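Colleague: the sequence isn't on hand, but the structure is:
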């Protein structure tokens with residue numbers, strides 16, 4: 001029997017990637033930054049994104065990120081509108097079955113806390129972990145291993161729900177059963193490391209080995 005489910009945030013509990021991409025592009029245009037040669041940032045963390053924008057000058061990199069945050073300070077991410085269908089129902093269903101729950105994201109702590117508050121799910125999550133609180137970010141397994149440690153569960157008793165290749169690799173390296181969320185229309189990513197392909201979040205409740 002599985003004892004815990006740990007969720008990634010972006011692309012799993014909430015579909016923020018298109019809005020994040022729009023905001024970055026708007027900022028790059030405002031700053032005169034040519035982003036035509038940038039890779040896809042789908043599933044990336046802040047360090048990867050802003051190191052790509054400014055690979056050499058750390059001071060300028062921090063200044064750019066600060067300006068980016070200020071540009072959208074009065075326009076918070078509409079998490080409630082972008083939430084994946086069934087989030088509350090699935091988290092509540094897991095809680096009722098005695099399954100521990102966690103969130104492990106590459107996002108900064110302030111982003112995670114804002115997201116949890118906006119969705120009103122703090123009482124439905126036993127732990128939240130930011131990749132910035134770990135020695136290494138995804139695809140290293142650190143964020144998932146830390147979440148498992150805080151939950152007091154072994155990898156073999158843990159399900160991780162991810163979407164991006166980086167996140168799937170991190171979960172795979174952590175030794176959990178890895179479930180992949182379906183990707184948005186028009187997005188094509190390698191999900192071959194997934195043990196299970198979900199058609200929707202609710203599929204978790206009928207996963208073999210999940211308490212009933």
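Modeller: Sure thing, it's come through. As the structure is a computational prediction, the values presented were derived from the model and not from experiment.
Colleague: hey, which helix or strand in this structure has the poorest pLDDT?
Modeller: Lowest by mean pLDDT, DSSP states H and E among the helices and strands of the chain is helix 46-53, with a mean of 89.
Colleague: for this structure, what spans make up the strands?
Modeller: 4-7, 100-105, 127-130, 158-162, 177-180, 196-197 (DSSP state E).
Colleague: from these, which stretch is densest packed?
Modeller: strand 158-162 (a mean of 27; mean count of other CB atoms under 10 Å). Yep, even glycine has a C-beta here, placed from its N, CA and C like the rest.
Colleague: all helices of the chain, in order?
Modeller: With DSSP state H as the criterion, the chain has helices at 17-31, 46-53, 58-71, 79-82, 87-96, 109-119, 142-151, 165-174.
Colleague: export the ones you listed as a markdown table, with columns for distance to residue 189 and mean neighbour count.
Modeller: As requested, those are exported to a markdown table (distance: least, CB to CB, whole Å; neighbours: other CB atoms under 10 Å):
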| stretch | distance to residue 189 | mean neighbour count |
| --- | --- | --- |
| helix 17-31 | 11 | 15 |
| helix 46-53 | 15 | 16 |
| helix 58-71 | 24 | 13 |
| helix 79-82 | 19 | 15 |
| helix 87-96 | 21 | 16 |
| helix 109-119 | 22 | 17 |
| helix 142-151 | 19 | 22 |
| helix 165-174 | 6 | 24 |
